[in-house]
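Here's a sequence, model it:
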Amino acid sequence: MSFSYIRRYTGPVEAVIFDNAGTLVDFGSTAPVMAFIEIFRRRGVEATVAEARVPMGAAKRDHIAQMCAMPGLTARWVQAHGQPPGDADIDAMYAEFLPLQVQCLADYSTVIPGALDVIEILREEGRKIGTTTGYPREVLEVLSGKLAEQGLVPDNTVCASDVAHGRPRPDMCLKSALDLGVACVQACVNVDDSAPGIEAGLAAGMWTVGLACSGNEVGISYDEWTALPEGEQDDLREKAAAKLRHAGAHYVIDTVADIVEVIDDIDARLAAGDAP
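A predicted model of the protein is given here:
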């Protein structure tokens, strides 16, 4: 008679890997939306905020390609240019996107309320802090400088241009875990405001936490969010949370400010032999 043995990690959470826009910075994930809309506008094609938000979380060139494939945008492009957008058009828009995105960061790089306090607590508990982003390295370097000015300096950063595949593939999450030197992917928690980000964390074998209110799914600024009546907040929160749960998130909370209790709960589950 033979018995199989399943190895389980039962230690604490070693690393928390955060997305950037809509998770740690830029409540409402507005900076990339404005840049995507502008690069289409420059070509005589009107893209809506809703269209610009659909592929959010993907690497930025992939994001542009997915927008170009949307029936409504394709039809408007054909009306303006006589044929559908091709690879050369996507490459040209991506090249324009990078400097435009840097310009947008000047207005949309404020750290989300509670993020600094949470990171301080997690570090006091011995957790490592990683970040991932769909921004390419040249944009991330600008953003990292602006975050450092506000006191937010992670232990490592990984962007889409550092790996072979962006979200929803696991590459960025896995590179972050390797760079941080964690013992096991089960000791990592991936935190994101988009469905592709949640899917990436799951594909990497990590715990995943979705943020319903601060990111792409609600898509409004902090001031706009706090000004809403409670009933309207509840409706938007539930719609966003449902999408993140459907993507497979182990937990869904409002914003990064609520993450500490979740990490403590994951610690308890790991100690009891649970796994993502």
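
Run through the strands of the stretch 51-200 of the chain in chain order.
For the stretch 51-200 of the chain, the strands defined by DSSP state E, counting those that start in this stretch cover 128-133, 156-159, 188-192.

most tightly surrounded among these?
strand 188-192 (a mean of 30; mean count of other Cβ atoms under 10 Å). Every C-beta, even on glycine, is put in place using the N, C-alpha and C of the backbone.

helices or strands next to it in the packing?
strand 15-19, helix 171-180, helix 195-203, strand 207-211, helix 259-271 (3 or more Cβ pairs under 8 Å, 6 or more residues apart in numbering; DSSP states H and E).

Pro55: which of those is closest?
Checking these against Pro55 by Cβ to Cβ gives helix 195-203 as the closest, at 7.8 Å.

Burial check on Glu238, number of neighbours?
12 (other Cβ atoms under 10 Å).

Would you confirm that it belongs to a helix?
Yes. According to DSSP: H, G, I helix; E, B strand; the rest coil, Glu238 belongs to a helix.

Relative to Ala212, how far out is it?
Taking Cβ to Cβ, to the nearest Å as the measure, Glu238 and Ala212 are separated by 8 Å.

Identify the contacts common to the two.
Listed contacts common to Glu238 and Ala212 are nil; contacts here mean Cβ atoms under 8 Å, 6 or more residues apart in numbering.

what stretches of the stretch 151-276 of the chain score poorly on pLDDT?
Across the stretch 151-276 of the chain, nothing is flagged by pLDDT under 70.

So which residues of the stretch 51-200 of the chain form helices?
Counting by DSSP state H, counting those that start in this stretch, residue ranges of the helices within the stretch 51-200 of the chain are 60-68, 71-81, 87-105, 115-124, 137-149, 171-180, 195-203.

Format the ones you listed as TSV; extra columns: mean neighbour count and distance to Ile266.
Converted to TSV, the helices of the stretch 51-200 of the chain look like this (neighbours: other Cβ atoms under 10 Å; distance: least, Cβ to Cβ, whole Å):
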stretch	mean neighbour count	distance to Ile266
helix 60-68	22	30
helix 71-81	14	40
helix 87-105	17	32
helix 115-124	16	12
helix 137-149	17	25
helix 171-180	22	15
helix 195-203	26	12
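
got JSON lines for the helices and strands packed on strand 188-192, with distance to Glu124 too?
Shown next, in JSON lines, are those (distance: least, Cβ to Cβ, whole Å):
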{"stretch": "strand 15-19", "distance to Glu124": "13"}
{"stretch": "helix 171-180", "distance to Glu124": "17"}
{"stretch": "helix 195-203", "distance to Glu124": "24"}
{"stretch": "strand 207-211", "distance to Glu124": "19"}
{"stretch": "helix 259-271", "distance to Glu124": "10"}
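
Pro71: which of these is closest?
Distance to Pro71, taken as Cβ to Cβ, is lowest for helix 195-203 among the helices and strands packed on strand 188-192, at 20.4 Å.
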